Each structure stands twice: as C-alpha cells, then as structure tokens.
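Enquirer: Dropping the sequence and predicted coords here.
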4 protein chains.
Amino acid sequence: MSVHPLTNVPDVALVYPITVRWADMDAYAHVNNVNYLRFFEEARVYAFKDWFGQDRDLIDEGMLVVSQAIDYLLPMGFAYAPCRVAVWCSDVGAASFELGYAVAGAQGDDTVYARGRVTLVSYDLQTERPRRLGAAEREALSAVLGTGPRLRSDKRAAAPRAVAG
Amino acid sequence: MSVHPLTNVPDVALVYPITVRWADMDAYAHVNNVNYLRFFEEARVYAFKDWFGQDRDLIDEGMLVVSQAIDYLLPMGFAYAPCRVAVWCSDVGAASFELGYAVAGAQGDDTVYARGRVTLVSYDLQTERPRRLGAAEREALSAVLGTGPRLRSDKRAAAPRAVAG
Amino acid sequence: MSVHPLTNVPDVALVYPITVRWADMDAYAHVNNVNYLRFFEEARVYAFKDWFGQDRDLIDEGMLVVSQAIDYLLPMGFAYAPCRVAVWCSDVGAASFELGYAVAGAQGDDTVYARGRVTLVSYDLQTERPRRLGAAEREALSAVLGTGPRLRSDKRAAAPRAVAG
Amino acid sequence: MSVHPLTNVPDVALVYPITVRWADMDAYAHVNNVNYLRFFEEARVYAFKDWFGQDRDLIDEGMLVVSQAIDYLLPMGFAYAPCRVAVWCSDVGAASFELGYAVAGAQGDDTVYARGRVTLVSYDLQTERPRRLGAAEREALSAVLGTGPRLRSDKRAAAPRAVAG
C-alpha cells in the first residue's frame, strides 16, 4: 500500500495514503489540528498490520498510546487525493516503543504539513498491565527503526526549567 | 463556568466542565486518545472567551495551534457527567504562548487522566503572518501564568540525542 | 437535567442541553448536518438513563438504531451555550420503537433548527436477534409517548411512486 | 474512481470506495450509525466533482442538505479495504434534488449495509436564498437519474397518521 517515499524521513518508513475527509476541515476551512492525530492513528492501524503481519485483535488491543507530540508546519486544505503519512519506529524499549511520523500532501505535493512522535506501551489484556515486547515485535520494529523527527518542544532539552505536574 | 478546582494545577488555572460524548469512546470502550485533544480545544474556546473577553471572531481566528504534546495516564470511560479540563498559560513569548492542561474526571473523580501542553502563535489574518501579541492579550495571559505540566518527553532534556527532521 | 420545555413538542418530551463543540462546525462555519445525528445520539443516551432508570450496559447495548430521518430547517452556528434537544417516544411496537426529536437553540433561542425520527429495535445480545420489549420498557416508553414530527419525506404518503431497493 | 458496480442500484449510479476509519467504530466495535451519513457526505463530495465537473467552491457551497433518511440493514465492522458507496440522483425538482445511496462492503463483500436518501437545495450564496438549478446542473443530474431506494419509513405512505411538529 506504500506510495512514493517522502524525502527527509528514514528510508525504512512506510508511507500510507490517508484519506482526508471534507469534514476534517473546521470553520477556518483547513484540516483541523486534532484530525492529524486521527491520520496518525489510521497510518498506525495499517502499519501494525504490515509490520506485525497479524490481525488487529492480536496486536492493536495489546498496544496503548501513552503520549503524543505533534508540530504543525503549514495549514493543509482539503484535497480529493489522500495525503501521505510516513510512519516508522523511532525508539524501542523493553515494554514500549516510539513511532515517528511525517504528514505530506497528496502525490505531487511534497510539502510536509506536520511531524510527530507517538509512544505506545505493549499491554497484557488479561492482567491489565504493561508487558515486555515479544521477540517478533522487537524484530519487526527494529526493521523500521530510524531517527525520530525533531519537534519544537525539544528545545526544552537545551534549556530545562522547573515544571510542576 | 469554572468548577471545583483541581489539585496539582496552578491556582490561576480555569477548570471547565467538558462533555464527554458517548461516541468519544472507540472500539475499546474507552475515550479515544485523539479526542482528548478535542477536549483541549473545547476548553480553549471557553478560556479564550473568559481571558480575552472577546468574541471568537476577534481572537480565535488570530491564534494558530503550532504544536501539541499530551501524556495519557489512565484510560477514561464514558460518564454522564462532564470531565473537567484545567487550562492555564504556561509560557508567553513575543508572538506565541503555551497552554498547560490537565484532564480530570467528573466532579468527585479527581483522577488525572491526561496532561498536555499546546503552543499557539498569534496571527495576523490580513497579512497571513505571525503578529506580536497585543498588550491586552499579554496581560490576560500573564494573569493565568503558571508552570506547565511535566511530560514524559521532557526526559529528552536530560539525555538529548541526534534526531532528524 | 431537563431544561425549559420547547414549544411545539409533546409535553412529555424531555429536553436535554447538548453541548455543541466548536469542531462540530464544518468549512461553512455552520454546524455540519451529520453532527445533528450525534446530538440525537447524545440526547438518547441521557434519555435512556432517565426513562429506563438503568445503566448503559443494561439497556443501550440492547437497542440498535435501524433507521433515521431528519429535516434541517435553518443552519445553526456555534454558541457557547448548549443547544436543546427534545426527545420523546413517537411510536411503540412489539420489538421496536420510534423516537421523535426537535433541536432548538440555546436557552433564549427557541428557533427549531431540525426535527427527526429514529427507529430502534430491542435486541438480545446473547442470541443476536431482535427481542420483544419488556414490560418495564414498554411502560417507560408509553409514559413519554406523543405524536412524531412531520418530515418532508412524509409527502411521499400523498403521492407514492415506484421505488427500487 | 468508480469501482465494481453494486447490484440492486441503478446502472447510472457511481460507486465510490470510501475509507472506513478505525475510529468510525463505536464502543460496540461496529461502525457507528452516524458515520454512515459521513460516508454519504464523502461520496457526495466526489460525485459532485464527477457530475458537475467543477470545483467544490463553485458547487458545493451552493448546495444545502435539507433532509436525510437512512435505513441500517446490518452492522458493519472495520475493514482495511474501503467500503463502497453507490450514489445517484433519485429525483430532480426546480430548486432541489434527491440523491439515492447504498453502502456495500469492501470489494468482494456485496452485502448492503445501509440505504438512504438525501435531499439538497441549490442555494444562492449571495442572496442567501434558494435558487433554481442551472441547465448544466439539471442535465448532469438527469444523466444519473434512477429510482431511489425504498426505506422503512415509506410504509407511512400506506397508513398516514396525524403528526404534530
């Protein structure tokens, strides 16, 4: 299902055509910022199938999103052709992994509209606790491992400050 | 419109009751992770009205979301009573500002389900360029200024690593 | 939870304040036509609780929507205050019932923006087959029974024509 | 863009592959009933482009949905392949027209999950009043004219009863 690869994303990234619905636009007639996370979800559903070679019931229900971060670069309008979402693995831990994302326009429009990172934990549905990633899962994720996109919030790295929470 | 204040958020935060729709649940019968960003948006729409004392046409259309980050702490189920979203200003710049968020359960359920930060830029709709925040806007934001929530991705501060983009 | 009753709906109707989200607007800056059905769903979730005095798990999962019809009278804009959705039972059968709906503006705006009818069947989740309404369900529905709203499509009654299916 | 034609819809119908999003499922793990109307909208956006050979700005903004009716025949689950939505014109008036719809499964699954009818009025955006359909619009609609789907509510035709509203 992968389409023409995007520039500036790791070679291992899969690129999915993700349909933008007319209703994804908000009152400003641009794709609403929240809906980009929906595009991430859609690309993830397809990527899990391609990476893990298993059905949603076996994998998806055993992965929980624990954090997301996204930068918006330019407003995206509606287009009849699907936008393209690149997704790859940007980090793997014992019981969690991070996905990197880039959202480009429809075929022919290589503008990058957004970039993001999503962290998921593998989860044991029986015990309702995090579980270690299985060997097959780790292998599949390692095969699509690349450096994650830099985001605006990373500037915090250079100048940490007191935060509450 | 503010409801009982949440603990662990700055005193200046406003807390809005935000309706969770039955349809906000996904196939796992929990509120879908993407919809929390919708709750952020809803709280922001109300907060802008309360902070800036102006109509959406004057303010909302002059603010663009440029980045968002969210941590999910616990899955939230549907409830007949609205959840509570605390929102405050966690940083102010010349032409941008950051909002801090915490999502708690309905009145009586002080569980914090998610925390987040959203950065917006003030925007001149005529020139289609960022604009400096006005004096009234800066004053309003300064009045609700508090430290932002710490997020999982902040660990990057301690251990920066090469990222591509 | 019921608010000031609307005119032109049966006295037995319950009227729920239903939050209109900013994102319910589409690119025309009016509430998107599809989202009115979401308001119907929301009102139904609350009404089932009030009528049947039971939790969603006991009732909601045993009712399936089998048809919907809606007329749009005027475009509705965003408002900070919730719109009001009147819902009542407009017909009861052995294993199904019809709900009547009217959508009015926020308190003080008695404009009727839409009217509709939704038919549901009671469903046995174990056997995956329609089931007869229980005595308590019939009684609850009979207590809120009133004539349903007339819709544009009812004109077909006067001039039936050949249709395929 | 049209895919393998569905049976039981007029030959003139166009059939569009419409992506079902994972998030279109609700807590029952079936596609939520409201989202079928979203599929109707999506198919209409594409059909208007194909029928009228014009851009959304010229046509879409001049058409308002004034009524919708839908029957649900079977619950639809998530599938990686798009469902197929057939759309055609089932009636043309001076300033309005009706579309007929059928929703079938992905390629290979000819199950019809829903049928519907949507009425739109042509609208003059300058005067904010209904306008007569133009000759080109009437011609385009006449070319895809077929009998509309029979719906459950049509039974009212045989047994009209007093309704309020």
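Expert: Sure, I can see it. Note that the structure is a prediction, hence the values are computed from the model and not measured. Numbers count the residues shown, from 1 in each chain, chains lettered A, B, ... in the order given.
Enquirer: who in chain A is up against chain D?
Expert: A:19, A:21-23, A:38, A:41-42, A:45-46, A:49, A:56, A:78, A:80 (C-beta under 8 Å from any C-beta of the partner chain). For every residue, glycine as well, the C-beta is placed using N, CA and C.
Enquirer: So among these, where is pLDDT lowest?
Expert: Among the residues of chain A next to chain D, A:Arg56 carries the lowest pLDDT, at 48.
Enquirer: what about A:Phe48, how many residues close to it?
Expert: Taking other C-beta atoms under 10 Å in any protein chain shown as the neighbour definition, A:Phe48 ends up with a count of 21.
Enquirer: now A:Thr111
Expert: Residues within reach of A:Thr111, counting by other C-beta under 10 Å, total 12.
Enquirer: wait, what's in contact with it?
Expert: Under the criterion of C-beta atoms under 8 Å, 6 or more residues apart in numbering or on different chains, the neighbours of A:Thr111 are A:73-74, A:104-105.
Enquirer: Among those residues, name the buried ones.
Expert: Among the contacts of A:Thr111, those buried by neighbour count (16 or more other C-beta atoms under 10 Å in any protein chain shown) are A:104-105.
Enquirer: Looking at the contacts of A:Thr111, which is nearest B:Pro10?
Expert: Top of the list for closeness to B:Pro10, among the contacts of A:Thr111 and by C-beta to C-beta, is A:Leu73 at 30.1 Å.
Enquirer: Can you give me the distance of that closest one to chain D?
Expert: Here A:Leu73 is placed at a distance of 23 Å from chain D (C-beta to the nearest C-beta, to the nearest Å).
Enquirer: Using just helix, strand and coil, how would you label A:Val12?
Expert: State at A:Val12, reduced to three classes by DSSP: H, G, I helix; E, B strand; the rest coil: coil.
Enquirer: With A:Gly77 as the reference, measure out to it.
Expert: Note on A:Val12: its distance to A:Gly77, by C-beta to C-beta, to the nearest Å, is 30 Å.
Enquirer: now A:Asp109
Expert: Distance from A:Asp109 to A:Gly77, counting by C-beta to C-beta: 10 Å.
Enquirer: overlap in contacts of those two?
Expert: The contact lists of A:Asp109 and A:Gly77 share no entry, where a contact means C-beta under 8 Å, 6+ apart.
Enquirer: residue boundaries of the strands in chain A?
Expert: In order along the chain, chain A carries the following strands (DSSP state E): A:14-18, A:63-72, A:83-92, A:96-104, A:112-124, A:129-130.
Enquirer: B:Gly93 is nearest to which of these?
Expert: Between B:Gly93 and these, the tightest spacing by C-beta to C-beta is seen for strand A:63-72, at 15.8 Å.
Enquirer: which other residues reach that closest one?
Expert: Applying C-beta under 8 Å, 6+ apart, the set of residues contacting strand A:63-72 from outside is A:33, A:36-37, A:40, A:48, A:96, A:101, A:113-123, A:149, A:151-153, B:33, B:64-72, B:75, B:151-153.
Enquirer: buried ones in that strand?
Expert: Taking 16+ other C-beta under 10 Å as the neighbour-count basis, strand A:63-72 is seen to contain the buried residues A:63-72.
Enquirer: do the same with stretch A:42-51
Expert: Residues of stretch A:42-51 classed as buried: A:42-49, A:51 (neighbour count, 16+ other C-beta under 10 Å).
Enquirer: Same question for stretch A:120-135.
Expert: By neighbour count with 16+ other C-beta under 10 Å, stretch A:120-135 contains the buried residues A:120-123, A:133.
Enquirer: And it, how far out from the chain middle?
Expert: A distance of 20 Å separates the C-alpha centroid of stretch A:120-135 from that of its chain, computed with C-alpha atoms, centre = their mean, to the nearest Å.
Enquirer: ok, now stretch A:43-51?
Expert: Centroid separation for stretch A:43-51 versus its chain: 10 Å, with C-alpha atoms, centre = their mean.
Enquirer: So that stretch, near chain B or not?
Expert: No. Contact check for stretch A:43-51 against chain B, using C-beta under 8 Å from any C-beta: none in range, with a minimum separation of 10.8 Å.
Enquirer: quick one, longest helix in chain A?
Expert: Counting residues, the longest helix found in chain A (DSSP state H) is helix A:33-52.
Enquirer: Any chance you could give me that helix in CSV, C-alpha atoms only?
Expert: Listed in CSV are the C-alpha atoms of helix A:33-52, where the atom choice follows Å, rounded to 0.1, in the frame of the first residue of the first chain:
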residue,chain,number,x,y,z
ASN,A,33,-5.3,20.3,14.0
VAL,A,34,-6.8,17.5,16.1
ASN,A,35,-7.5,15.4,13.0
TYR,A,36,-3.9,15.0,12.2
LEU,A,37,-3.7,12.7,15.2
ARG,A,38,-6.5,10.7,13.6
PHE,A,39,-4.3,10.4,10.5
PHE,A,40,-1.6,9.1,12.8
GLU,A,41,-4.0,6.5,14.1
GLU,A,42,-5.1,5.4,10.7
ALA,A,43,-1.5,5.0,9.5
ARG,A,44,-0.7,3.1,12.6
VAL,A,45,-3.5,0.7,12.1
TYR,A,46,-2.2,-0.1,8.6
ALA,A,47,1.4,-0.2,9.7
PHE,A,48,0.7,-2.6,12.5
LYS,A,49,-0.8,-4.9,10.0
ASP,A,50,2.2,-4.6,7.7
TRP,A,51,4.8,-4.8,10.4
PHE,A,52,3.4,-7.5,12.6
